[in-house]
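> model this:
(chains A, B, C and D)
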2 protein chains.
Amino acid sequence: MVDLVYRNIMTDLKRRIENNEFDNKRLPDERSLSESYGVSRSSVKRALNVLANQGIIFKKRGSGTFINPLYQKNESIFQYEGSNLGITDSFKSDGQVPQIKLLDFQVIPANEELQTELFLNPGDFVYQIKRLRTFDDHPFMIEQGYIPIKVAPELTKAVVAESIFNYFEDTAGKSVTKSFMSIKAEPSNDEDHELLGLKDFEPVGMMEGIFFLDDGTPVEVSNMRLHYKYLNYNTFVNLDGEM
Amino acid sequence: MVDLVYRNIMTDLKRRIENNEFDNKRLPDERSLSESYGVSRSSVKRALNVLANQGIIFKKRGSGTFINPLYQKNESIFQYEGSNLGITDSFKSDGQVPQIKLLDFQVIPANEELQTELFLNPGDFVYQIKRLRTFDDHPFMIEQGYIPIKVAPELTKAVVAESIFNYFEDTAGKSVTKSFMSIKAEPSNDEDHELLGLKDFEPVGMMEGIFFLDDGTPVEVSNMRLHYKYLNYNTFVNLDGEM
DNA sequence: AAGTGGTCTAGACCACTAC
DNA sequence: TAGTGGTCTAGACCACTTA
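As a prediction, the model looks like this:
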């Protein structure tokens, strides 16, 4: 697909780690990798940095580069799907059939909050899209999204009933790769009870996100209310991940 | 403090952004910055990459580097404190007085799960530490932590009643900079009702974390149950943040 | 002392955007 | 066409760990 040196090396190393080719939990040193791959040490470092930022390896100065034992032993713990955009479309299906029911679809003027979050001017309009997501007819999420009409002037009901981000990618060739996410919990309200089948005392998980294109253009604000059993955000945090 | 070129530039650029020195939302190009700071372009790029990974700027190939409008306009939205380790010690006080009540402190053998998560052998022991955290006598979190005795052989009640991670840093000079975090929501149980003052129907937020030193040594597994009003994890996600 | 990862440089060339 | 950020190289030197 792509043809970047550091990315190829990264992919290859990941494969070799998963295949247990480094049984002593230790990777070859950077200079050796540089030579064996026939690339500069800088490119090797870059590949290793990506893996380190994902928590797959640890680099120990003066000592070497080591595989995170959790990555091999216990992939059920080490799942940072949450480290994706926290996005609707990326909920794991696990063989279940995902479905979308469109609850609301209209165009409204952006209020002040939306103007700020989506970099809009007073008077700009947004699509308001409310959807219910299910797995095998079992609802798990109410999603209310707002998309500036100017970033998708010809959005239709049919599109909105499916993956919106795929639509961006397919039509405009632009992919949504960045987001602000805010994760909270709340008691459920009447609508939650009705749509998500929750009991009074059962909570909802809230995920609020602003999604951006690569170039910083915001394309959606989304408020997601999840059946609490489905709120599970996993992530690897690396404070030195600043490189 | 530190004296890294890219870090100094990063800090300076951040300051200049916050001081509105780039009123047109656009930073000087990399080659200019390289010259004006008297460093290589690589170092400038590195500094910019850090800021981009934090969501403070967006880089647009062929066009320039731009400030994220949300960063200046609305810092109340743009707060990714959650992007810290998700750590206990980092909860913002906001002028409130944080307190810790030690509920339990003992040494027990690590069960299988802890052995896996903390890279321990059968028969290894861990401290089991249960604490209640409050702001101005208002409880908001029950925290149950497990720390291998071998990473802190002389842990005392006094230490445990304060910041454990600061203790690591002060005594061993090692800082906790990485973590796996898992965030969920659950209905509250009896203990939550009692200790956190929750009503039956009110939920708790759960944050489970494994914390590591720089070199990959795991130092703590922590299960945190938060009053739902205090669960608020904010983060900037960048799928291209792999550099 | 030897080996490892970390930082930084100077420069070449490529890919994309704007005009 | 000019200007921007992206990738990659080859090499120097530093900081730390291990023996």
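
> hey, let's count contacts and neighbours off CA atoms from now on
OK.

> give the buried residues for the helix or strand of chain A with the lowest mean pLDDT.
Least confident helix or strand, chain A: helix A:164-172 with a mean of 78, by mean pLDDT, DSSP states H and E. By 16 or more other CA atoms under 10 Å in any protein chain shown, the buried positions in helix A:164-172 come out as A:164-168.

> what's the most distant pair in the residues you listed?
Maximum pairwise distance in the buried residues of helix A:164-172, criterion CA to CA, is 6.5 Å, between A:Ile164 and A:Phe168.

> sorry, back to before: now the element after the least confident helix or strand of chain A, going C-ward?
strand A:176-187 (DSSP states H and E).

> can you confirm whether that following strand lies near chain B?
Yes. Against chain B, strand A:176-187 shows contacts by CA under 8 Å from any CA of the partner chain at A:177-187.

> got it, and stretch A:109-123?
Yes. Using CA under 8 Å from any CA, stretch A:109-123 reaches chain B at A:116-117, A:119.

> can you list the residues that contact that stretch?
By CA atoms under 8 Å, 6 or more residues apart in numbering or on different chains, the list of residues contacting stretch A:109-123 from outside reads A:124-126, A:148, A:210, A:218-221, B:69-70, B:73-74.

> distance between the ends of it?
6 Å (CA to CA, to the nearest Å).

> if you average pLDDT over that stretch, what comes out?
Here stretch A:109-123 scores 92 as its mean pLDDT.

> for it, buried residues please.
A:110, A:114-120.

> tilt between the least confident helix or strand of chain A and strand A:176-187?
160 degrees (axes from the mean of the first three to the mean of the last three CA atoms, to 10 degrees).

> C-alpha coordinates for helix A:164-172, CSV please?
Provided in CSV are the C-alpha atoms of helix A:164-172 (Å, rounded to 0.1, in the frame of the first residue of the first chain):
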residue,chain,number,x,y,z
ILE,A,164,-20.2,8.7,7.5
PHE,A,165,-16.4,8.6,7.8
ASN,A,166,-16.1,6.0,5.1
TYR,A,167,-18.2,8.3,3.0
PHE,A,168,-15.7,11.2,3.5
GLU,A,169,-12.9,8.9,2.5
ASP,A,170,-14.6,7.5,-0.5
THR,A,171,-15.9,10.7,-2.0
ALA,A,172,-13.4,13.4,-1.0
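
> helices or strands up against that helix?
Under the contact criterion of 3 or more CA pairs under 8 Å, 6 or more residues apart in numbering or on different chains; DSSP states H and E, helix A:164-172 touches strand A:176-187.

> kindly recompute the last result at 10 Å.
When contacts are defined as 3 or more CA pairs under 10 Å, 6 or more residues apart in numbering or on different chains; DSSP states H and E, helix A:164-172 sits against helix A:157-160, strand A:176-187, strand A:218-227.

> what does chain A have sitting close to DNA strand C?
A:27-31, A:42, A:45, A:59-65, A:243 (CA under 7 Å from any atom of the strand).

> number of residues surrounding the residue of chain A found nearest chain B?
Residue nearest to chain B within chain A: A:Phe201 (3.5 Å; CA to the nearest CA). A:Phe201 has 18 neighbours, counted by other CA atoms under 10 Å in any protein chain shown.

> not including adjacent chain positions, what is the nearest residue to it?
B:Phe201 (3.5 Å; CA to CA, 6 or more residues apart in numbering or on different chains).

> so how far is B:Met207 from that neighbour?
Relative to B:Met207, and taking CA to CA, B:Phe201 is found at 19 Å.

> helix or strand: which one has A:Thr65?
With DSSP H and E as the test, A:Thr65 turns up in strand A:64-67.

> do A:Val237 as well
Secondary structure (DSSP H and E) places A:Val237 in strand A:233-238.

> list the strands paired with that strand, with their directions.
strand B:176-187 (antiparallel) (DSSP bridges).

> pLDDT of the strand holding A:Thr65, averaged?
Per-residue pLDDT values over strand A:64-67 give a mean of 95.

> what residues sit buried inside the next helix or strand along the chain from it?
Using DSSP H and E, the helix or strand that follows strand A:64-67 in sequence is helix A:69-73. In terms of neighbour count (16+ other CA under 10 Å), helix A:69-73 has its buried residues at A:69-72.

> do stretch A:169-187 as well
Result for stretch A:169-187 [16+ other CA under 10 Å]: buried residues A:175-187.

> got JSON lines for these, with pLDDT too?
Output for the buried residues of stretch A:169-187, formatted as JSON lines (pLDDT from 0 to 100):
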{"residue": "A:Ser175", "pLDDT": "83"}
{"residue": "A:Val176", "pLDDT": "87"}
{"residue": "A:Thr177", "pLDDT": "88"}
{"residue": "A:Lys178", "pLDDT": "90"}
{"residue": "A:Ser179", "pLDDT": "91"}
{"residue": "A:Phe180", "pLDDT": "88"}
{"residue": "A:Met181", "pLDDT": "87"}
{"residue": "A:Ser182", "pLDDT": "88"}
{"residue": "A:Ile183", "pLDDT": "90"}
{"residue": "A:Lys184", "pLDDT": "90"}
{"residue": "A:Ala185", "pLDDT": "89"}
{"residue": "A:Glu186", "pLDDT": "88"}
{"residue": "A:Pro187", "pLDDT": "87"}
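
> just send those residues back as TSV, with distance to B:Gln144 too.
Formatted as TSV, the entries for these read as follows, by distance: CA to CA, whole Å:
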residue	distance to B:Gln144
A:Ser175	41
A:Val176	38
A:Thr177	35
A:Lys178	33
A:Ser179	31
A:Phe180	29
A:Met181	26
A:Ser182	24
A:Ile183	21
A:Lys184	20
A:Ala185	20
A:Glu186	22
A:Pro187	24
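
> greatest separation within the residues you listed: which pair is it?
Farthest pair in those, by CA to CA: A:Ser175 and A:Pro187, 34.2 Å.

> mind listing the helices for chain A?
Remark: helices assigned in chain A by DSSP state H are A:5-18, A:30-37, A:41-53, A:69-73, A:112-118, A:157-160, A:164-172, A:190-196.

> of these, which is nearest B:Leu51?
helix A:41-53 (15.6 Å).

> how many neighbouring residues does A:Gly62 have?
Neighbour tally, A:Gly62, other CA under 10 Å: 6.

> distance of it from A:Glu30?
Taking CA to CA, one finds A:Gly62 at 12 Å from A:Glu30.
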